[in-house]
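Undergrad: Make a model of this:
(one chain, ligands or ions: 1)
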Amino acid sequence: MKLIRVENYEEMSSKAAELVEQQILGNDHSVLGLATGSTPLGLYENLIQGVKERGISYRNIHTVNLDEYRGLAGTHPNSYRYFMNKKLFGHIDIDLENTHIPDGKAKSVEAECERYEALIHEIGPPDLQILGMGMNGHIGFNEPGTKEESVTHCVSLDPSTRNSNARFFSDRDEVPTHAITMGIESILKSKQILVLVSGKNKAQAVKRLLAGRVSEEFPASFLWKHNRVTLIVDKEAYSLVA
Ligand code: F6R
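TA: Here you go, the predicted model:
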């Protein structure tokens, strides 16, 4: 795992954008794996700037997102489809047809998981997968206890994850109880992985990740099994590492 230590959130975001743009400049037909949440917002702002100021084009780029809440339509303001359209896709020259996110409203969740996993393999695997990390070490919505062999599946969200994501909803009870997520195996198939971690509330998780012990109880630790992972971590998130 390559470690890049930066001062703060802003530096993490601009460094990450630099790496994403390098990927696009090297291959303008790249497949990008994308994440939602607070962490990649600064990265996405930088990527939007890259289109306007550095002439970066997403015309031939395909994207696959990690996850989506079960039960939310893409038009729901808390769905990850809505988030991606608002925070990134609506501001860059990407063809929306080339952007993929699980369908939270699909009638059969099993069929949707199968469809999505097949799609990742059909257009992908991602050349570069962006990941954030939960305080309990989750990646995507792969909570502690997820098997390394997992592919796209429906999960019951951990109470700590629902609490943490409640900040985006008007009421904690509105946070969906389930989500569709790429599995650990799906994520590890990506050619390259870029993990972004910022802030004091992630310091314990960074310490645990960097201890290097691979365990189902801390899903991000499976990233040690991949040979092209870069972790960009800011000062606060790194503050508990000896
Ligand atoms: C989001 C995702 C999650 C988040 C993680 C961290 O698509 O898959 O694993 O990356 O929950 O969330 P933030 O960035 O809000 O701290």
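Undergrad: State the distance from the closest residue to residue 149 other than its chain neighbours to residue 148.
TA: Spatial nearest neighbour of residue 149, chain neighbours left out: residue 185 (5.4 Å); criterion: Cβ to Cβ, 6 or more residues apart in numbering. Where C-beta positions appear, they are placed from N, C-alpha and C, glycine not excepted. Distance, residue 185 to residue 148, using Cβ to Cβ, to the nearest Å: 7 Å.
Undergrad: mind listing what's buried in the lowest-mean-pLDDT helix or strand in the chain?
TA: Lowest on mean pLDDT, DSSP states H and E among the helices and strands of the chain sits helix 159-165, with a mean of 90. Across helix 159-165, burial judged by 16 or more other Cβ atoms under 10 Å covers 161, 162, 164, 165.
Undergrad: pretty sure the third one contacts residue 135?
TA: If I follow you right, that is residue 164. Yes - judged on Cβ atoms under 8 Å, residue 164 makes contact with residue 135 at a distance of 6.7 Å.
Undergrad: So for the residue nearest to residue 149, what's the pLDDT?
TA: We have a pLDDT of 98 for residue 185.
Undergrad: which element is it on?
TA: Per DSSP states H and E, residue 185 falls inside helix 184-188.
Undergrad: who in the chain is up against the ligand?
TA: 35-39, 66-67, 132-134, 138-141 (Cβ under 6 Å from any ligand atom).
Undergrad: and those as TSV, adding secondary structure?
TA: Output for the residues of the chain next to the ligand, formatted as TSV (DSSP: H, G, I helix; E, B strand; the rest coil):
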residue	secondary structure
35	coil
36	coil
37	coil
38	coil
39	coil
66	coil
67	strand
132	coil
133	coil
134	coil
138	coil
139	strand
140	coil
141	coil
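Undergrad: What subset of those residues is buried?
TA: 35-37, 39, 66-67, 132-134, 138-141.
Undergrad: Format these as CSV; extra columns: pLDDT and distance to residue 52.
TA: As requested, those are exported to CSV (pLDDT from 0 to 100; distance: Cβ to Cβ, whole Å):
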residue, pLDDT, distance to residue 52
35, 98, 23
36, 97, 22
37, 94, 24
39, 98, 22
66, 98, 26
67, 98, 29
132, 98, 25
133, 98, 30
134, 94, 32
138, 95, 34
139, 98, 31
140, 97, 30
141, 95, 32
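Undergrad: mind listing the strands for the chain?
TA: 2-6, 31-34, 62-65, 67-69, 99-100, 128-131, 153-156, 178-181, 193-197, 229-234 (DSSP state E).
Undergrad: So for this protein, the centremost residue is which one?
TA: residue 35 (2.6 Å; Cα atoms, centre = their mean).
Undergrad: for it, what are its contacts?
TA: 65, 66, 130, 131, 132, 140 (Cβ atoms under 8 Å, 6 or more residues apart in numbering).
Undergrad: What residues sit buried inside the longest helix seen in the chain?
TA: For the chain, the helix reaching the highest residue count under DSSP state H is reported as helix 9-26. The neighbour-count criterion (16+ other Cβ under 10 Å) identifies 9, 11, 12, 13, 15, 16, 17, 19, 20, 21, 23, 24 as the buried residues of helix 9-26.
Undergrad: Good, wrapping up.
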